[in-house]
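# kindly return the folded structure for what I paste below:
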Amino acid sequence: MAKRKQKNAELERQLKQRKTIFRIISILVAAAIVVAIGIGAWTVQDSRWILRYDGGRIATSDFRAIFHVGFESHPMAREAAMGTVQHIVALRDKAIYHNVDFTADERALAEAEAQQIIWMQGLPDNFITVPRLAELFFTEPLIERLTDIYVPAHSIDIDEEEFAPMLEEYLEEELYRHLDLQVLILILDELEEAEEAHSLIGTMDFEDIIRQFTPGLDEDADVPTTSAIDFSGWIDDPEDREYLLSMQAGEYSRIVEWTDGEMPLYFLFHAVSREEPNPDTAAESFRENFIEARREEIFADLVESWVEEANFVVNRRGYNAA
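A predicted model of the protein is given here:
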């Protein structure tokens with residue numbers, strides 16, 4: 001009898017021990033599951049940001065947008081895209097600090113254009129928000145206002161001895177850019193049509209010739225003039241370009257051919273008005289452009305210093321996931 005009680009006690013002890021072990025194992029398994037879930041959640045959460053800096057964190061979607069939209073996802077452009085994100089972040093932080101961030105009108109316009117980008121590229125809804133894409137890609141107003149704050153025009157000193165020969169060279173070689181030559185243009189893709197249109201010059205108004213040879217143009221529609229200087233960039237042949245810019249008011253051109261790949265185009269011009277460039281105005285414009293270029297250079301260096309001061313740290317998990 002005593003032996004049976006002893007045996008039962010031993011069995012009960014073993015059973016309790018097994019239950020204790022089972023409970024410990026269960027607790028450990030449960031803890032492992034919780035840890036695994038936590039690690040998984042942390043991994044997902046961690047991959048959602050790509051940069052940490054003194055002012056906070058930058059979402060991986062920011063980098064992905066710059067890399068995909070701005071650099072067309074070219075493998076060799078990842079570091080350039082990363083640098084661009086850092087510059088934009090530093091720039092916006094300064095704009096917010098100085099209370100010169102986007103105005104309501106600027107933001108509305110930027111968001112409309114951002115929506116167009118998303119639509120044209122067929123980006124998925126979860127790619128990036130429209131407001132954020134607008135903030136990343138349309139920073140021109142911020143740059144202008146920050147440049148006015150940090151590098152005002154009056155702060156730029158010009159070394160006149162250094163500037164004088166540059167101005168002289170500009171007036172000698174680039175004065176023509178200030179020519180105000182307004183022309184009417186007829187563009188055709190068939191030489192036979194161009195020759196036919198050219199044969200009508202002098203027999204009818206040039207605007208009517210344009211209407212006759214331009215499908216879809218209403219006969220009562222106004223035909224706008226174009227700056228010959230702006231249009232001359234289309235013409236590859238230096239002689240043809242010089243010919244266009246030498247036209248006098250009231251003059252009609254010969255047929256000018258321009259080839260884009262395998263498809264040639266044929267131009268006919270009518271010079272409506274011509275105003276010769278003013279050297280004094282050109283010189284003042286060159287000086288202003290020189291000052292603006294210097295301001296942009298100084299401001300670019302400032303932005304570089306802001307990026308360095310931000311102490312950006314790349315999150316490799318987010319970077320590799322982007």
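# where do the strands of the stretch 1-150 of the chain begin and end?
Secondary structure of the stretch 1-150 of the chain by DSSP state E, counting those that start in this stretch: the strands cover 49-53, 56-59.
# out of those, which comes closest to Arg287?
Set against Arg287 and scored by Cβ to Cβ, those come closest in strand 49-53, at 39.0 Å. C-beta here means a position set from N, CA and C on the backbone, and glycine is covered the same way.
# circling back to that earlier point, out of the strands of the stretch 1-150 of the chain, which is the most enclosed?
Stretch with highest mean neighbour count among the strands of the stretch 1-150 of the chain: strand 49-53 (a mean of 20; mean count of other Cβ atoms under 10 Å).
# lowest-scoring secondary structure element of this protein by mean pLDDT?
Among the helices and strands of the chain, helix 2-46 carries the lowest confidence by mean pLDDT, DSSP states H and E, at a mean of 41.
# tell me how many other residues crowd the closest residue to Ser73 other than its chain neighbours.
With sequence-adjacent residues excluded and distances taken as Cβ to Cβ, 6 or more residues apart in numbering, Ser73 is closest to Phe67, at 6.0 Å. The number of residues packed near Phe67 is 21, by other Cβ atoms under 10 Å.
# Phe67 is in contact with Ala77, isn't it?
Yes - using Cβ atoms under 8 Å, Phe67 is in contact with Ala77, at 6.9 Å.
# between those two, what contacts are shared?
The overlap between the contact sets of Phe67 and Ala77 (Cβ atoms under 8 Å, 6 or more residues apart in numbering) is empty.
# give the other helices and strands that the longest strand seen in the chain contacts.
Longest strand in the chain, counting residues (DSSP state E): strand 263-275. Counting contacts by 3 or more Cβ pairs under 8 Å, 6 or more residues apart in numbering; DSSP states H and E, strand 263-275 packs against strand 180-188, helix 191-199, strand 256-260.
# got the residue ranges for the helices in the stretch 101-250 of the chain?
In the stretch 101-250 of the chain, the helices defined using DSSP state H, counting those that start in this stretch lie at 104-121, 130-137, 140-150, 160-173, 191-199, 206-213, 228-231, 238-245.
# right, and those - which one's nearest Gly55?
Gly55 lies closest to helix 130-137 among the helices of the stretch 101-250 of the chain, at 14.6 Å (Cβ to Cβ).
# mind listing what the residue nearest to Ser73 touches?
Here Phe67 is in contact with 73, 77-78, 81, 322 (Cβ under 8 Å, 6+ apart).
# out of the residues you listed, flag the one nearest to Tyr252.
Nearest to Tyr252 out of the contacts of Phe67 is Ala77 (Cβ to Cβ; 48.3 Å).
# touching, Glu296 and Tyr150? I think so.
No - using Cβ under 8 Å as the test, Glu296 is too far from Tyr150 to be in contact (11.6 Å).
# quick check: which element contains the closest residue to Ala153 other than its chain neighbours?
In space, and not counting its chain neighbours, Ala153 is closest to Ile291: 5.7 Å by Cβ to Cβ, 6+ apart. Assigned by DSSP states H and E, Ile291 falls within helix 279-309.
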